[in-house]
Each structure stands twice: as C-alpha cells, then as structure tokens.
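*Asks:* pasting a predicted model and its sequence here:
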Amino acid sequence: MSMETLPKQSGLIPDGIVSRILRQLQSGWRSIVIAVPFVWLFLFFLAPFFIVAKISLAELAISSPPFSKMIEWTDGTIMTIRVVFDNFAYIFDDPLYARTYINSLKISIISTFFCLLIGYPMAYGIVRSGPVAKRLLLFSIILPFWTSFLLRVYAWMGLLADQGTINGFLISMGIIDEPIRMLYTEFAVYIGIVYTYLPFMILPLYANMEKLDATLNEAAADLGSGPINTFFKITLPLTMPGIIAGSLLVFIPATGEYVIPDLLGGGNVQMIGRLLYNEFARNIDWPVACAVAIVLLMLLVLPMAIYQHYQGKASEGVTGE
Amino acid sequence: MNNRRSRFLSIMLISGLTFLYVPMILLVIYSFNYSKLVPVWGGWSTRWYYVLFESQDVWDAVSLSLKIALINATFATILGTLAGLAMVRFGRFRGRTLFGGMLVAPLVMPEVITGLSLLVFFISFKQLIGWPAERGFTTITIAHITFSLAYVTVIIQARLTGMGQSLEEAAADLGAKPFKVLTAITLPRLAPGMVSGWLLAFTLSLDDLVIASFVTGPGANTLPILIFSRIRLGLRPDINALATIIILFVAVCVAIAALIMFRQQRREEMDQQIAAREG
C-alpha cells in the first residue's frame, strides 16, 4: 500500500516522532474520506429502512402521519411499546397479495431468462469482434442505457398499441384483418422488461467473457472437442459468474418494477411494485404499504447478498490485499 | 486462433441491436408527424415542437429537473470519489463490509422500496426536527444523490484499480506527503472517471421517475413526473417531440464522454510506451 510507505526522514528530528505525526495526520484525513460518504449513506439509505420496518409494525390511524406511534409516553415516565403484526397477517391472508408476489416473480424470472437468451450471444459476439468494432458495439449497447428509461417504455406503447406501428404494418401487409391486442397485456410487460434491462445483462457478461482465456478453447479443439461440446464444457462454466451477475442485475429490479407494468400492462397485469405504489398513493395505508415493502425486501435479500458477494469478489481480486 | 465471429453471433448481434434501436428511431420519426394521433401518419411537420415550446409547465419541469441534476451530479461525484478512494485505496477499515453493502445495494434495490423508505424518512424527520419543511426540490436532490453516488463509486473504483498505484508510490518515495500525492497525482489521473461519473449521475437524475414521485411534494414536477402523468393516458405527439430532444441531447453527451475516455486511454497507453522505452 502506498499510504503506508512514508518518506524516510533524515536529519534533526528522530524518525519515530515524524512518522507518528504523519501517521496521525494521515489517519485523520483518511477518516474524513471514509466518514463523509459513510454518514450520508447511513442517514439516507440505511436509516430509512428501519423507519419502514417500524411503520410496518404500526396500526393505521386517523392522524398525520397516518399510523400509530410505536413508543408512547404516559405522564412522561411510563413507556409503552406497541407492535402489531396485523399488517403482515393481512398481507398473508389476502390472496391478492400472494398472487401479486408470485406473478411478479414469474414475470421477472421469465424476462431474465429471455434477457440471458438474447444477451449472451450478443456479449459473446462483442468479445469476438475486432478492437474498433468492439468499441463501437459496446458504445451502442451503453447508449440506450443512458437514454431515458421512461421514454424507452413509451416507445413500445407506440409500437404495441391497437393502431400502433406493428398492427398497422401487419394489416397493411394483409397478414391480419383485425388489430391484435398487445398493449395492456402481460406480453407487453415481458417485451418492456427485456427491452429496458437487456444492457444490464450484456455488460456484466461482456466483462466476464473478456477475461476468458481463448487458449482453452484452442486446447479443447486440438483434443477433438466439437464447438458445441467445448461451449458446454468450457465456455458456459467459465462464464457462470457473468451469468449470475447479469441475471441478478435484471431479476432484482424487475421484480419491483412499477413503470413497465403500469404503462404497458395497464390495469391487466398486477405486479408488486405497482400494488405498493397504489397502496401508498391511493389508499394512503402506510402501515400496509411498508409491510408490502418489507416482504418484497425479504424476497430479494438473498439475491442481493449473492450479487454483492460476486461484486465484492471481483473488486477484492484487484485491490491485491 | 480463430478470432472471428461466427455467423450465428453476427446475426444475434445485428438483430439484438435492431431490437434496441428500432423503437427509438420510430419514436423520433413519429415526432415529425402532423397527425394528432401518434401512430397514424399525416405528413411531415414540426408543429408538435412548437406546441412543446409554448407550454409553460414543460419549461418549468425542465428547469427543475436540470437544477436537481446539476446539484446531484456535483455532490454525487464528490461523495462517490471519496467512497471509491476509501474502498480501493484504504485497505481494511472498520465497517468496510457494511460500507460496501450500502454502496452496492442502491444499484439493485427496487426503486419503489428506495422511494417509499426515503419518503417515510423525510416525514419522520419533519416531525422530529421540523426539517425538511416541505417536500420538493431539496428532498428529490437528496434522494438522487443517495443512489447516484453508488453509481459514481462503481466508475471511480474501476478507474482506481485500472490506474494502479505505481505513480503514487513513486511520489511517496520521493517525499510527497499523502495529501500532496492525492491532489497532485491521484485526483488528476482520476479526472476522466470523475467526468464520466458526473455525467452518469446527471442523466440518472434526469431519468428518475419512481423515487422522485415518492419524495416530491405538491407542485414540484420534474420532467419525468410530467411526462409520466401525460403518457399514462395514452400516446401524445408532443411527448414524441420532447423524447426526440432528450434522446439527441443524451446521445451527444454520451459521445463526448466516450471521446474523453478514449483520448485519456490513448494518452496513457502512449505514456506507458514512452516509459517502457526509456526504462
């Protein structure tokens, strides 16, 4: 570590004192660098989750904010703590919630699979391209990722609508007489998720494949392995970290997606992110909305931990500690 | 070795890119449609651009979004650079695992959860200490900085690990104090990463709908909130015009950022070649 290699002092002051002062200065400076973003994230990212957890254990109340207090002081001395699990019981009893959770998981698993199916050969194609083509291809994968997510979803509204581009094209070609209903169906939601999340699948896969040792494929070919056999025995297992990272990067946010089911699914596709938003905005039932969020978080904690593990492994590998 | 793409891979790449780009190209083409019904072609026209420029609420939303995006990008870049330095260059410190977790989680956290949790946080704080008095500009900016800084950190971390430490070590050996090493060597070399981090934070903020919808208050409409409220009811030609402007703007910004990165990379490669020749 460069931070540990202090300049060697020679002269009037003994080495020990100088290096101790320097080290102290250095450690103070280090703590500020760590503390500022740490405190920010602690305050605005971690602490809010505890408040959500707290409210999920409260009751709906006619007050502002509309939930009961967890800790109440009587005469300023007696403390009562009220914790109710009614909101969770309500979520588990009402089949609407169970169905919506399962539907969200189903939609995001199937979408993730299609992203992988399309993204894997694309990433592999980029790796196999020449240096200039590689740069251009990467740029064209990243570009849509930078343009507005909302507008990319909106673009599909125009394509899939009853009088939209696709139906118009099919009718003018004489393939169909009546427009096919595509917008406001589950099909539209699948298209929307695969379309907007595809770059999230391709980029981690590309990063992983880029590190592959091409000589392994050569060796396999020399030993008489066919391309399909080599793919399943060598390429696929070695790109597993990329597959896992890319899939989780699609699966986790897609499960809680709000915009896509709302705009492309209309009222016909219920996903948990949309239910949560509506619970909150229309019904103003905060305790239930918070409980819905906590259950969603519980479902996603394991995938998130796996993702962080893969991320952490990748970054620790290069810090060389 | 045979480093060529097979025909299958080329076909997949071409159809994948077609899938990614055709919807956006159609969006742009239909913005020049005279007809009020978006998918029905009524001849070329720029009338929707005039409609767009004349509506005051669009201008208000644009100026609010730009203000938030500028402040967000600047703060997120500062915080993200500090976080990146801490994660890559400081070795082990207490709370590193928690810190790393808090830096990765915003990248994958469903937006509805982040938005909901920040809203209840702001409301609880208002009750406790009376701040923030009203929701809108400040609360959206804080929310955006929180998730943008995680993205900036990813870029800074990648840049720092790519840079290596040899120059810093050399400077330290020559007697430069750690702070001097930071300002004279690390930060200038980190600059391209900070520029692309800033741009990413800027566009992320311009792009965010869900989190802003949660933490905003009455009257504070960012551009995505305005667009969303309009397109929920169906296709609108003036939104196509707005989309075209946004897409072109972003494309130009990304191209500039890519060029900066590319130049920097080339310069470093040349420096390394010169160093190798002289060494």
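*Replies:* Looks like it came in fine.
*Asks:* from here on, just use CA atoms for contacts and neighbour counts.
*Replies:* Fine.
*Asks:* give me the most central residue, the chain.
*Replies:* This is for chain A. Ranked by distance to the mean C-alpha position of chain A (C-alpha atoms, centre = their mean), the top residue is A:P253 at 3.9 Å.
*Asks:* hmm, no, I was thinking of chain B.
*Replies:* So for chain B, C-alpha atoms, centre = their mean, it's B:L200, sitting 2.5 Å from the centre.
*Asks:* show me which residues of the helix or strand that contains it are buried.
*Replies:* Element membership for B:L200 (DSSP states H and E) is helix B:187-207. Judged by neighbour count using 16 or more other C-alpha atoms under 10 Å in any protein chain shown, the buried positions of helix B:187-207 are B:189-207.
*Asks:* re earlier: quick one: contacts for the residue nearest to the centre of chain A?
*Replies:* Contact analysis of A:P253 by C-alpha atoms under 8 Å, 6 or more residues apart in numbering or on different chains lists B:108-111.
*Asks:* next up, the contacts around the residue nearest to the centre of chain B.
*Replies:* For B:L200, the contact set (C-alpha under 8 Å, 6+ apart) comprises A:146, B:73, B:148, B:151-152.
*Asks:* give me that answer again for 6 Å
*Replies:* Listed by C-alpha atoms under 6 Å, 6 or more residues apart in numbering or on different chains, the contact set of B:L200 is empty.
*Asks:* cool, and B:R96?
*Replies:* With contacts taken as C-alpha under 6 Å, 6+ apart, B:R96 has no neighbouring residues.
*Asks:* now with 10 Å?
*Replies:* Neighbour list for B:R96: A:34, A:38, B:86-87, B:90, B:102 [criterion: C-alpha atoms under 10 Å, 6 or more residues apart in numbering or on different chains].
*Asks:* so is A:G174 in a helix, a strand, or just coil?
*Replies:* Using DSSP: H, G, I helix; E, B strand; the rest coil, the structure places A:G174 in coil.
*Asks:* tell me the pLDDT at it?
*Replies:* Here, the pLDDT recorded for A:G174 equals 86.
*Asks:* would you check that B:P23 makes contact with A:I191?
*Replies:* No - applying C-alpha atoms under 10 Å, one finds B:P23 not in contact with A:I191, separated by 11.6 Å.
*Asks:* and these two? Which one has more around it.
*Replies:* Set side by side, B:P23 and A:I191 show more neighbours around B:P23, with 21 against 17, by other C-alpha atoms under 10 Å in any protein chain shown.
*Asks:* please tell me how far the more buried one sits from B:F90.
*Replies:* According to C-alpha to C-alpha, to the nearest Å, B:P23 stands 45 Å off from B:F90.
*Asks:* which pLDDT does the model give residue 31?
*Replies:* You didn't say which chain, so I picked chain A. With respect to pLDDT, A:S31 has a value of 81.
*Asks:* wrong chain, I was asking about chain B
*Replies:* Listed pLDDT for B:S31 reads 88.
*Asks:* run through the residues that contact it.
*Replies:* B:38, B:44-49, B:236-245.
*Asks:* likewise for A:M209?
*Replies:* A:M209 touches A:120, A:123-124, A:126-128, A:203, A:235-236, A:238-243, counting by C-alpha under 10 Å, 6+ apart.
*Asks:* from the chain's centroid, how far away is the helix or strand where it lies?
*Replies:* Under the criterion DSSP H and E, the helix or strand holding A:M209 is helix A:186-210. Chain-centre distance of helix A:186-210: 12 Å, with C-alpha atoms, centre = their mean, to the nearest Å.
*Asks:* returning to what we had before: from the contacts of B:S31, which land in helices?
*Replies:* Counted as lying in helices by DSSP state H, out of the contacts of B:S31, are B:47-49, B:237-245.
*Asks:* let me have those residues in TSV, extended by pLDDT.
*Replies:* Listed next are the ones in helices among the contacts of B:S31 as TSV, based on pLDDT from 0 to 100:
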residue	pLDDT
B:R47	86
B:W48	87
B:Y49	89
B:P237	86
B:D238	88
B:I239	89
B:N240	90
B:A241	92
B:L242	91
B:A243	91
B:T244	92
B:I245	91
